[in-house]
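**Student:** coords please:
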Amino acid sequence: MREVIVYSRQGCHLCELMLEQVAPLCRGKADVVVRDVDTRVEWADAYGVEVPVLLLDGAEVCRYEFDRAAFVAALNGAASGQHAT
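**Tutor:** Predicted structure coming up:
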């Protein structure tokens, strides 16, 4: 199964919104993993206050706000053997 990672932070309104929007699109297609940037120094160094950040199979799809069109294209494109540009 594919993997979606959302780098997040407790109390982040944008993070909560992104998770609410991405979860239904992932059902049956991808596992969603939430990583709190405040729990690891390397995550905090990499993303700091730039959360949320959404990655699909290790590639960044969007940052700050959920880009539904980009996410759906990436999810469907890679699943059919095509890569979204």
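**Student:** from V4, how far out is the closest residue to E60 other than its chain neighbours?
**Tutor:** Distances taken as Cβ to Cβ, 6 or more residues apart in numbering place V53 nearest to E60, at 6.4 Å, with adjacent residues excluded. Bear in mind the C-beta positions are built from the backbone N, C-alpha and C, glycine included. Distance from V53 to V4, counting by Cβ to Cβ, to the nearest Å: 11 Å.
**Student:** show me where this structure has its helices.
**Tutor:** 13-26, 41-47, 68-79 (DSSP state H).
**Student:** mind saving the C-alpha coords of the first one as CSV?
**Tutor:** I take that to be helix 13-26. Output of helix 13-26 as CSV, limited to C-alpha atoms (Å, rounded to 0.1, in the frame of the first residue of the first chain):
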residue,chain,number,x,y,z
HIS,A,13,-5.4,24.4,12.5
LEU,A,14,-4.0,24.0,9.0
CYS,A,15,-2.7,20.6,10.0
GLU,A,16,-6.1,19.5,11.2
LEU,A,17,-7.7,20.8,8.1
MET,A,18,-5.3,18.9,5.8
LEU,A,19,-5.8,15.7,7.7
GLU,A,20,-9.6,16.0,7.4
GLN,A,21,-9.4,16.5,3.7
VAL,A,22,-6.8,13.9,2.8
ALA,A,23,-8.1,11.0,4.9
PRO,A,24,-11.2,10.2,2.9
LEU,A,25,-9.2,10.3,-0.4
CYS,A,26,-6.7,7.7,1.0
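**Student:** residues of that helix that come out buried?
**Tutor:** 15, 18-19, 22, 25-26 (16 or more other Cβ atoms under 10 Å).
**Student:** so for it, mean pLDDT?
**Tutor:** On average, the pLDDT along helix 13-26 is 97.
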